[in-house]
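S.K.: got a sequence here, can you build the structure:
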Amino acid sequence: MASNMGLQGGSKMVTISGKEVPLGGDIILAVAGIPVLSEDHIEQIRNHLAGGAPGSPFKMSVLRAGKVIELTGVTQ
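M.R.: Presented below is the predicted three-dimensional model:
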């Protein structure tokens, strides 16, 4: 789903505290108007997307190269 929306993942792997993580991709700020600030918010996002009819559109705000952009996806 994410790649179909145009979400871009990290392009460079770095090691932080002994763990490899991707660096350089989009940073998700909000999904369906719900900010991504805590695990509670992530659970709200999951519930919101799971409760929608398949094919329902939703918006995702991401930070890319210093600019906030909006992507559109559909629930599955």
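
S.K.: surely residue 56 meets residue 72?
M.R.: No: taking Cβ atoms under 8 Å as the definition, residue 56 is not a contact partner of residue 72, at 11.1 Å. Using the backbone N, CA and C atoms, a C-beta is placed for each residue, glycine as well.

S.K.: so for those two, which residue has more residues nearby?
M.R.: Using other Cβ atoms under 10 Å, the more surrounded residue of residue 56 and residue 72 is residue 56, with 14 against 10.

S.K.: enumerate every residue touching residue 15.
M.R.: residue 21 (Cβ atoms under 8 Å, 6 or more residues apart in numbering).

S.K.: tell me what it is bridged to.
M.R.: Residue 15 forms beta bridges with residue 20, as assigned by DSSP bridges.

S.K.: what's the per-residue pLDDT of it here?
M.R.: On pLDDT, residue 15 comes in at 94.

S.K.: same question for the one 3 residues further on.
M.R.: According to the model's per-residue confidence, residue 18 sits at a pLDDT of 94.

S.K.: tell me how far it lies from residue 48.
M.R.: 35 Å (Cβ to Cβ, to the nearest Å).

S.K.: out of those two, which sits in the more crowded spot?
M.R.: residue 48 (16 against 5).

S.K.: using the three-state scheme, assign that one.
M.R.: helix (DSSP: H, G, I helix; E, B strand; the rest coil).

S.K.: which residues are in contact with the nearest residue to it once chain neighbours are set aside?
M.R.: Nearest residue to residue 48 in three dimensions, chain neighbours excluded: residue 32, at 5.2 Å (Cβ to Cβ, 6 or more residues apart in numbering). By Cβ under 8 Å, 6+ apart, the residues touching residue 32 are 45, 48, 49, 58, 59, 60.
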